[in-house]
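**Q** I'll drop the sequence and a predicted model, then ask my questions.
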Amino acid sequence: MTSFTLTMKRIIFGIFIIAVMTLTAVFAPLVAPYDPLEMDLSPEGRLKPPSPEHFFGTDNLGRDVFSRMLYGARISLSVGFIAVIISVCIGILLGGLSGYYGGRVDALIMRFVEVMYCFPTFFLIMMVITFLGPSIVNVMVVIGLTSWPGLCRLVRAEFLSLRERDFVSSAKVQGIPDRRIIFRHILPNAMAPVYVSATLSVGAAILVESALSFLGLGVQIPRPSWGNILTAGKNYLDYAWWLTFFPGIAILLTVLSFNLVGEGLRELLDPRLRKRK
């Protein structure tokens, strides 16, 4: 079995898991057997183990964990995708300007990137959310605004190489405006590392959101997310294993799937890696 075949199998497996997670999130109202906020506070309704009636059991308030997982997928995936869109937009804009113009523009942007790297990202996110208040919108925006420096450096490196190519020189001689050269001529040729970085970043953003929700700084209860479902189960590990097992597996599979797709794209799009294999 060739390395190309193995790479494609990893990508297909990752895309399949991502597609399943996304479809279940989109169609959660149709798939979920119960209202995720509906409580059953009777003794027999609380902390019920997995059964045909409740596939993933119930939590300490008698809510159906399977239904909450489906609705929680909406939150976790939305945070991942939107945060990465914000990050990619900032990274492409600043990286493109830095690499194309160079000089003082490059120095100023790179010093700002270095300042961003001085702060541990997760603690910076925690600090900002503490001041702004925990909410899903704040989580999306803050993760996006703090996760662009790595992508910015990748785009800058691509622009530094591409701006010396003949097609860019020809465009300048023809008097084409810089904005059009950047976005119509150079950027399409610099997107390969962007695709890889964006794919990997979605998984990282989901992990950050889950960690914030677990700490009580992300999506607030009763609105379900995988992180706060884990939080609800941490006090019942001895006799309600399903409260942490199922959201943990969902986070693991989703992040692993995005990483498989990202690594697969990196191997396919990087000719140096193909030559080594």
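**A** Yep, it's here.

**Q** Give me the residues contacting the helix or strand where residue 143 lies.
**A** Using DSSP states H and E, residue 143 falls within helix 136-146. The list of residues contacting helix 136-146 from outside it, by C-beta atoms under 8 Å, 6 or more residues apart in numbering, reads 75, 78-79, 82-87, 90, 116, 121, 124-125, 128-129, 132, 205, 208-209, 212, 218-219, 223. C-beta coordinates here come from the backbone N, C-alpha and C atoms, glycine included.

**Q** Not counting residues beside it along the chain, what's closest to the most centrally placed residue in the chain?
**A** Closest residue to the average C-alpha location of the chain: residue 202 at 1.8 Å, with C-alpha atoms, centre = their mean. With sequence-adjacent residues excluded and distances taken as C-beta to C-beta, 6 or more residues apart in numbering, residue 202 is closest to residue 80, at 4.3 Å.

**Q** Quick one: residues contacting that neighbour.
**A** So residue 80 contacts 202, 203, 205, 206, 209, 258 (C-beta under 8 Å, 6+ apart).

**Q** Could you do residue 211 as well?
**A** By C-beta under 8 Å, 6+ apart, residue 211 lies in contact with 122, 218, 227.

**Q** about what we covered before: as CSV, the contacts of residue 80 with secondary structure would be great.
**A** As requested, the contacts of residue 80 are exported to CSV (DSSP: H, G, I helix; E, B strand; the rest coil):
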residue, secondary structure
202, helix
203, helix
205, helix
206, helix
209, helix
258, helix
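
**Q** Can you read off the backbone torsions of residue 64?
**A** When read as degrees, to the nearest 10, the backbone of residue 64 gives phi -70, psi 120.

**Q** and it, what are its bridge partners?
**A** Beta-bridge pairing for residue 64 (DSSP bridges): residue 58.

**Q** Going forward, the N-terminal residue is numbered 343.
**A** Sure thing, new numbering starts at 343, so read that last one as residue 406.

**Q** Could you report the neighbour count for it?
**A** Look at residue 406: counted by other C-beta atoms under 10 Å, it has 26 neighbours.

**Q** pLDDT at it, what is it?
**A** Looking at residue 406, its pLDDT is 91.

**Q** quick one: low-confidence parts of this structure?
**A** Counting by pLDDT under 70, the chain contains low-confidence residues at 343, 612-619.

**Q** Strands along that one, start to end?
**A** In chain order, the chain shows no strands, with DSSP state E as the criterion.

**Q** Show me the helices in the stretch 443-592 of the chain, by range?
**A** Ranges of helices in the stretch 443-592 of the chain, per DSSP state H, counting those that start in this stretch, are 445-460, 463-474, 478-488, 491-504, 508-515, 520-522, 534-556, 568-575, 584-611.

**Q** which stretch among the ones you listed comes nearest residue 437?
**A** helix 491-504 (2.9 Å; C-beta to C-beta).

**Q** Now do that closest one: which elements does it pack against?
**A** Applying 3 or more C-beta pairs under 8 Å, 6 or more residues apart in numbering; DSSP states H and E, we find helix 491-504 packed against helix 407-443, helix 445-460, helix 534-556.

**Q** Might you calculate how far that helix sits from the centre of the chain?
**A** Chain-centre distance of helix 491-504: 20 Å, with C-alpha atoms, centre = their mean, to the nearest Å.

**Q** Stretch 419-434 now?
**A** Per C-alpha atoms, centre = their mean, the centroid offset for stretch 419-434 relative to its chain is 7 Å.
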